[in-house]
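Q: The following block contains a protein sequence and its predicted model.
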Amino acid sequence: SQPAAQVTGLTTAQLQDAATLRNAGWDLSNTWIVYDGKSGPLLRSFMTALTISAGSVSKTYDGLAYTANSSGQTISDPLVLGSLVAGGTAQGAINAGDYSIQLSGLYSTSQQGYAIDYVDGTLTVDKRVVTVTGASVADKVYDGTALANLSSGMASGIVASDLGRLTFNGTFASPNAGTGIQVNLGTGGAAAGNYSVSTATPVTATISAKALTLSGLTVASKTYDGNTTATVWGGVLNGLVSGETLGFSGAIGQFENANAGIGKTVLLSGATLSDGTGLASNYSLTAPLGLTGTITPKALTVTGLSATNKVYDGTTVANVTGGTLNG
């Protein structure tokens, strides 16, 4: 005779627990179905398949937790009645973003009931639009950034619980120098991710060119030549935004006058900024003051002179005539 098979009994709670049954080898995917805490194992082949889809739900951020309802949900058998309760990550969702809606709550306890299959949906919490009026942005000097200094303005549409948790900021559409540049308003603070900003009228401001100075220029000494042209070389640009580089060219020096002298004032003009990245338009160049140079006298020679003979008179004075200046 064959030995009797060993049988292990399960309690009612265990028979209604899907994890316990799976561990015991029950096929709950194809043959059996169990509703946790509500029913024991039921044969799927005797039950009616029922699909319940959560669908897509959207709302605008209002500071309140999402509470599921039957809006947007569909049931494959329209004759089935009953309310649905949403669970999972969507339940209690507050902040703007996308969440998964997982439905639960319906079950069968008889072998002639339904094998229910839930299809997850999506909850979209859209950002709340805040309208800002009367905002102004201060003009600034080019600094290489698009940051704008936003001042004044009134905001409407903020959820009461977010007062003190939402700030506003401005960003220039372009960091480059110019007039009437569009300023885009944004949000900051703990509640920033739940809002977008709309303005009743466009906000604009000016970014002016940053003034650069030249130092370290050298003026070459020259011999008097009858003109004021000065040769200038070297020099360093001061005031560039960190990380940016520029060159300059075309600097023309002019002595204050053409006469010989030491420490003569030299005026600079014509210097232009140049680069290959289009940054030069963000700067202006101020000619340096206190630039000086030297014009030395020009040496001349005399040729063709003649001295007249004289009778001794006790002096060394000679009478010179004629001659030509050269140079």
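A: Ah, there it is. Numbering: from 1, shown residues only.
Q: Could you use CA atoms for every contact and neighbour count after this?
A: OK.
Q: where are the low-confidence patches of this protein?
A: 1-7, 68-91 (pLDDT under 70).
Q: Just give me the longest helix of it.
A: helix 18-23 (DSSP state H).
Q: just checking, what packs against that helix?
A: Applying 3 or more CA pairs under 8 Å, 6 or more residues apart in numbering; DSSP states H and E, one finds that helix 18-23 contacts helix 12-15.
Q: Now the helix it packs on - C-alpha only, CSV.
A: Only the C-alpha atoms of helix 12-15 are listed here, as CSV (Å, rounded to 0.1, in the frame of the first residue of the first chain):
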residue,chain,number,x,y,z
THR,A,12,-9.3,31.0,6.8
ALA,A,13,-7.0,34.1,6.9
GLN,A,14,-4.2,32.1,5.1
LEU,A,15,-6.7,31.0,2.4
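Q: So which bits of it are buried?
A: Leu15 (16 or more other CA atoms under 10 Å).
Q: Then stretch 36-46?
A: Buried residues in stretch 36-46, defined by neighbour count with 16+ other CA under 10 Å: Asp36, Ser39, Gly40, Pro41, Leu42, Leu43, Arg44.
Q: Just the closest of these to Val236, please.
A: Asp36 (79.9 Å; CA to CA).
Q: how close does that closest one sit to Arg44?
A: 15 Å (CA to CA, to the nearest Å).
Q: try Phe255
A: For Phe255 relative to Arg44 (CA to CA), the value is 105 Å.
Q: do the same with Lys264
A: Between Lys264 and Arg44 the computed distance is 107 Å (CA to CA).
Q: Contact partners for Ala209?
A: Under the criterion of CA atoms under 8 Å, 6 or more residues apart in numbering, the neighbours of Ala209 are Val141, Tyr142, Ala177, Gly178, Ser281, Asn282, Tyr283, Ser284.
Q: Ramachandran coordinates for it?
A: Main-chain dihedrals, Ala209, degrees, to the nearest 10: phi -70, psi 140.
Q: and stretch 262-276, how far from the chain's centre?
A: From the chain centre to the centre of stretch 262-276 is a distance of 37 Å (CA atoms, centre = their mean, to the nearest Å).
Q: Would you mind extracting the C-alpha trace of it into PDB?
A: Output of stretch 262-276 as PDB, limited to C-alpha atoms (Å, rounded to 0.1, in the frame of the first residue of the first chain):
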ATOM      1  CA  ILE A 262      59.700 115.500 -22.400                       C
ATOM      2  CA  GLY A 263      56.500 114.100 -20.700                       C
ATOM      3  CA  LYS A 264      54.200 115.400 -23.500                       C
ATOM      4  CA  THR A 265      50.600 114.400 -23.200                       C
ATOM      5  CA  VAL A 266      49.500 111.800 -25.700                       C
ATOM      6  CA  LEU A 267      45.800 111.300 -26.600                       C
ATOM      7  CA  LEU A 268      44.600 107.900 -27.800                       C
ATOM      8  CA  SER A 269      41.800 107.300 -30.300                       C
ATOM      9  CA  GLY A 270      40.500 104.700 -32.700                       C
ATOM     10  CA  ALA A 271      41.000 101.700 -30.400                       C
ATOM     11  CA  THR A 272      38.400  99.000 -31.100                       C
ATOM     12  CA  LEU A 273      37.600  95.700 -29.400                       C
ATOM     13  CA  SER A 274      37.700  92.500 -31.300                       C
ATOM     14  CA  ASP A 275      37.100  88.800 -30.700                       C
ATOM     15  CA  GLY A 276      35.800  85.800 -32.500                       C
END
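Q: Need the residues that contact it.
A: Here stretch 262-276 makes contact (CA under 8 Å, 6+ apart) with 230, 245-256, 280, 284-285, 287-296.
Q: Next step: those restricted to strands.
A: Of the positions in the contacts of stretch 262-276, 230, 247-249, 252-255, 284-285, 292-296 sit in strands, assigned by DSSP state E.
Q: List just the nearest of the residues you listed to Ala96.
A: Nearest to Ala96, judged by CA to CA, of those is Ser284 at 45.6 Å.
Q: element containing the closest residue in space to that closest one that isn't next to it in sequence, please.
A: Nearest residue to Ser284, sequence neighbours excluded (CA to CA, 6 or more residues apart in numbering): Ala211, at 4.7 Å. According to DSSP states H and E, Ala211 maps onto strand 210-219.
Q: which residues are in contact with that strand?
A: 141-143, 230-240, 282-288, 291-293.
Q: how about Thr301, what does it touch?
A: Thr301 touches Leu325, Asn326, Gly327, counting by CA under 8 Å, 6+ apart.
Q: Return the distance of it relative to Thr324.
A: 8 Å.
Q: Gly153 now?
A: 84 Å.
Q: which of the two has more neighbours?
A: Applying other CA atoms under 10 Å to Gly153 and Thr324 shows that Gly153 carries more neighbours, namely 14 against 9.
Q: what's the spacing between the more buried one and Trp26?
A: In this view, Gly153 and Trp26 are 66 Å apart by CA to CA.
Q: Also Asp225?
A: 111 Å.
Q: Touching, Gly37 and Ala13? I think so.
A: Yes: using CA atoms under 8 Å, Gly37 makes contact with Ala13 at a distance of 6.9 Å.
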